[in-house]
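>>> what's the 3D shape of this:
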Amino acid sequence: MRKIIISIIILSAIAISVPSYALEPFSSKSAVATGSIVGWYIYEELESDDFEVYKQATTPVGDDFVAITAGDYHSVALRSDGSIVTWGSNRHGQTETPEGNDFVAIAAGDYHSIALRSDGSLVGWGRSDFGMIDVPEGNDFVAIDAGDYRSLALRSDGSLIGWGRNGAGQNEVPDGSFIAIVAGKYHSLALTADGLIIGWGYDNKYGQLDIPSGNDFVAITAGVHHSIAIRTDGSIVAWGRNHEGQTDTPEGNDFVAISAGQSYSLALRSDGSIVGWGADFDIPVEDNFIAIASGGMHSLTIRLEKVNNIPIGSSYSSLSVCEPEIVEVEKIVYIEVEVPVYYDHDDNGHGNDPDRRDPSNPGKKYTK
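The predicted structure is shown next:
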């Protein structure tokens, strides 16, 4: 085995620090982790009657998904080839997926969605009566998110732009330079390069804008009336409305991703397991997940299936999972990964067992 340092350009505010196997899929210098999607409803009664009609938790087939996002009654996923898949309610055209395979980030609002293309431009679809899909022009966008009837984007210079419904000042974005953004239902948060959180929007009736002190934050997320953040030590802090326990955060310092729903919260640990708190629901009991997303009444996760298109558990998929190592909190995250080295002893074009060397004939070296 040999260790390499992989740099990841963060394009989404969903997860700023990630497990070592959940790597940026569009960088030629990184391993590509893909998986299948698992979905579930927050309340058991939603598994029938009207909510089941929308099928927002009935996930598409495939093991090549790299990103997920959940709206109120629809869901969006990104495949490793850069194409988008949508499902759930289409009452407002929110599942009429745009064509193309050059997408690098996705975000779902209540009844609309937006996506970021590899050239830095945006596209929007779904409900449009408040102008939330009338995306701004330009090709300098690096991150996106969507709230109820509004959208939010981060430019490459660190500035913000918001559009759509502005009834509570949600689009009155702060000045400054930021590295991550998140749009809750009625409020928004942004993260600066030095680890500070800025909030704006709804009138703070529930304290969702009472940002905790400190400049050691690395990830943010916002629900309806509550907010969550991860500190550099891997611990979680939450604030805002707590009528269903959605801000009663779990203990531990091994969290790498967070997602806030309507009245519940999700977090992903470094071992790939999921923790949930708040509204009554059951979560998958496994430890091989690489992404999480909270919608209005349903949630999604990606189960790790392949690394570099090699199925997990096969003889060629011995990529080791290690603890995430964040070298610096910037737009680039550095992660240390163990990669097996293969040698071709008989020069037949196929690598043999890892690290099996013949001093007299080392053969050609391959890194799988």
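
>>> and Trp200, helix, strand or coil?
What DSSP: H, G, I helix; E, B strand; the rest coil gives for Trp200 is strand.

>>> For it, which residues are in contact?
Neighbour list for Trp200: 169-170, 172-174, 187-188, 209 [criterion: C-beta atoms under 8 Å, 6 or more residues apart in numbering]. In short, each C-beta sits where N, CA and C put it, glycine included.

>>> Kindly report the same for Gly296.
70-73, 110, 261-262.

>>> Next: Leu266.
By C-beta under 8 Å, 6+ apart, the contact list for Leu266 reads 258-260, 274-276, 283, 292, 294, 299.

>>> now, which of these lie within strands?
258-260, 274-276, 292, 294, 299 (DSSP state E).

>>> just to revisit the earlier point, of the contacts of Leu266, closest to Leu160?
Ala260 (19.3 Å; C-beta to C-beta).

>>> Next, count neighbours for the closest one.
28 (other C-beta atoms under 10 Å).

>>> is it true that it touches Ala183?
No. With contact taken as C-beta atoms under 8 Å, Ala260 and Ala183 are classed as non-touching, separated by 11.0 Å.

>>> which residues are common contacts for these two?
Ala222.

>>> still on that earlier bit, can you redo the contacts of Leu266 as TSV with distance to Trp87 and pLDDT?
Below are the contacts of Leu266 laid out as TSV (distance: C-beta to C-beta, whole Å; pLDDT from 0 to 100):
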residue	distance to Trp87	pLDDT
Ile258	24	97
Ser259	18	97
Ala260	22	96
Ile274	21	96
Val275	26	95
Gly276	22	94
Ile283	20	85
Ile292	18	97
Ser294	17	94
Ser299	14	92
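
>>> Which pair of the residues you listed spans the longest distance?
For the contacts of Leu266, and using C-beta to C-beta, no pair is farther apart than Ala260 and Ile283, which are 14.7 Å apart.

>>> which one of the contacts of Leu266 has the most neighbours?
When neighbours are counted by other C-beta under 10 Å, Ser259 leads these with 30 neighbours.

>>> which residue packs closest to that residue, ignoring adjacent ones?
Ser294 (4.2 Å; C-beta to C-beta, 6 or more residues apart in numbering).

>>> Could you give the bridge partners of that neighbour?
Counting by DSSP bridges, Ser294 is bridged to Ser299.
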